[in-house]
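Novice: Okay, predicted coordinates and the sequence, questions at the end:
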Amino acid sequence: MFQSNVLVQSKVNKSATPVIVTLDIGNSCSGYAYTSIQDFCNDNWTIQMNEPWARDRHVTNKTCTTVLLEPGSGLEKAKYGYDAETVFADKYLDDEHHDCLLFRDIKYELYKDGVDFESTITDVYSGKKRQLCDILLAVIKYFKTQAIDRVQKRFPSTNDATIFWVLTVPSAWKLETTMLYRDLAIESGIPYRQLKLVTEPEACLAYMMQHININIPNIEKTEIANIVSVFDARVMLVDLSGDATTLSVHRVSGDKRFKMVYQSKSHGKGSTQVNEQFLLFLSNLIGEDIIRTLKHDYVDDYMAMYNEFEMEKRRIEPESPDRDTFSFKLPYQIEETFKDQYKDEYKTITQRIKDKSDYRDHVRYVDGRLHVEIKVLKALFDVVLNKIEVYIRNVLQMVPCARVACLMLVGGLAESKMVQDGMKNRFKEMLVLTPKHPELAVMKGAIMLSLLPEIEPPKPTCYHRVKDENIISSICSIQ
Ligand SMILES: Nc1ncnc2c1ncn2[C@@H]1O[C@H](COP(=O)(O)OP(=O)(O)OP(=O)(O)O)[C@@H](O)[C@H]1O
Ligand SMILES: [Mg+2]
């Protein structure tokens, strides 16, 4: 295994490596993006993505960061992403899952103190352990192979020697952890001199700046520039992901660079919490006993419901008609066991709904299907957004954050129109910006940051006549 205590940041060599690829291995979701340097020079916005990942009838920009190891087969035959989840679900239904190992939340392990080559990760169901580095290396190799296949279809003459790789890392990782990750990237076959690490907040900031420069009309741009580009202005990047909210505050400093002056991460404030709120709502509505039975005895219906909700929540917008419904199967047999158990005392699902005055007009149970009005689902976002608001307001009290006048929303949860609107309504005193495709900010921004050493923010009006006032994004903050 390659090991070195020095973090050398290679520069893109435009003639030797005309194609650049970034791997964004996230805790919940992962993907890759690529471009040829020639294409990027022609159009600084268009960067190609992986083919959309498919799950059931749905396609998404990123796939989940899950690894499945089946009994008797090594890591080279492991399953990844949605494939891993689907195969495991099938095995679970057939009660053949006991010897499988399923790994999720791989990246969170790397936030822990003292992570090294000996560290282990625990499988989700059986509690069995495996070397963390082996699993992470396998994940990097998987996405790298996928990326090379895709890139070669687009640029047939490309090979390992002609690709420059950019890997994104959280800025909160310790330097040793970042070096461990770099060593794994090199172990996966990426040549040392063709690899660069970029921190996630800086990649997102680069993406935001490009978005403002390229996609926003001039009148609005001037307004934004007057808030974000003046000396000592501060912007807060709000990365809303699967399970966490990560905040980073950047200050426009004297040398016209953005400098990160504060960062903070809080778990339990992400997209998964909207799903948790949905399950909580169902438990309150029809009883925890029924939901528990659904989860344990009707696993396929439970999983179908959970996966459908995951996609439904992405479609909900403030404008979605309140009376439209989201419906899913809640098999009527589920009640039989309780009828036997509770005898005359048993309340049917329909009776339970009628007892809830807040919901009885908005939820129906018909022919083994539960129909929930969208109005009810919209409220679930509020619970999560309220938590995020409190968290952000607490952080804004910190000294380095006092002058923050702009929030920039990125990450998967920021794709939601409910979230974009909810944040604007909650922070009316601030400029709240969301770029196009906030979910892709990390991976596309990483390429932009690597190819454009100077990411120019829009110039404030008062700077218009001053030459060389470009504000240069600081390159990777890892020293
Ligand atoms: N339109 C949408 N509405 C709500 N949630 C969404 C939407 N699109 C994606 N998500 C959620 O975004 C989450 C993934 O976000 P993201 O890709 O930013 O996380 P990540 O990069 O894996 O996390 P981290 O950066 O913390 O490692 C998923 O849990 C998914 O449910
Ligand atoms: Mg991420």
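Specialist: Structure received. Ligands and ions are numbered 1, 2, ... in the order given.
Novice: which residue packs closest to whichever residue of the stretch 251-400 of the chain sits closest to ligand 2, ignoring adjacent ones?
Specialist: Taking C-beta to the ion, ligand 2 has its nearest neighbour within the stretch 251-400 of the chain at G270, 10.3 Å off. Placement of C-beta: from N, CA and C, glycine included. In space, not counting the residues next to it along the chain, G270 is nearest to D243; the distance is 4.4 Å by C-beta to C-beta, 6 or more residues apart in numbering.
Novice: on that earlier part again, distance of the residue of the stretch 251-400 of the chain closest to ligand 2 relative to ligand 1?
Specialist: For G270, the distance to ligand 1 equals 6 Å [C-beta to the nearest ligand atom, to the nearest Å].
Novice: okay, that residue: pLDDT?
Specialist: For G270, the model assigns a pLDDT of 97.
Novice: Tell me which residues touch it, please.
Specialist: In this structure, G270 makes contact with 28, 240-245, 384, 411-413, judged by C-beta atoms under 8 Å, 6 or more residues apart in numbering.
Novice: Tell me which two in those are the farthest apart.
Specialist: Taking C-beta to C-beta as the measure, those span a maximum distance of 14.8 Å, between S28 and V384.
Novice: more neighbours, these two?
Specialist: When neighbours are counted by other C-beta atoms under 10 Å, V384 comes out ahead of the other of S28 and V384, with 26 against 22.
Novice: Settle this for me: the more buried one is touching N275, isn't it.
Specialist: No. Counting by C-beta atoms under 8 Å, N275 is not a contact partner of V384; they are 9.8 Å apart.
Novice: Just the buried positions in stretch 345-362, please.
Specialist: Of all the residues in stretch 345-362, those buried under the rule 16 or more other C-beta atoms under 10 Å are 349, 352-353, 359, 362.
Novice: wait, I meant stretch 15-30
Specialist: Neighbour-count burial for stretch 15-30, with 16+ other C-beta under 10 Å as criterion, is recorded at 17-30.
Novice: Check which helices and strands whichever strand or helix holds Q273 sits against.
Specialist: Under the criterion of DSSP states H and E, Q273 resides in helix 271-286. Packing contacts for helix 271-286, counted by 3 or more C-beta pairs under 8 Å, 6 or more residues apart in numbering; DSSP states H and E, involve helix 288-297, helix 299-315, helix 349-355, helix 374-396.
Novice: how close does K387 get to ligand 1?
Specialist: Per C-beta to the nearest ligand atom, K387 is found 15 Å from ligand 1.
Novice: Quick one: name the residues of the stretch 351-479 of the chain near ligand 2.
Specialist: When proximity is defined by C-beta under 5 Å from the ion, the stretch 351-479 of the chain lies next to ligand 2 at V442.
Novice: now swap in the chain and tell me
Specialist: Proximity of the chain to ligand 2 (C-beta under 5 Å from the ion) is limited to residues 26, 442.
Novice: And V410, its phi and psi?
Specialist: phi -140, psi 180 (degrees, to the nearest 10).
Novice: that older thread, now render the helices and strands packed on helix 271-286 as a markdown table, adding mean pLDDT.
Specialist: As requested, the helices and strands packed on helix 271-286 are exported to a markdown table (pLDDT from 0 to 100):
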| stretch | mean pLDDT |
| --- | --- |
| helix 288-297 | 88 |
| helix 299-315 | 92 |
| helix 349-355 | 93 |
| helix 374-396 | 97 |
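Novice: From the buried residues of stretch 345-362, pick the one nearest ligand 1.
Specialist: H362 (21.4 Å; C-beta to the nearest ligand atom).
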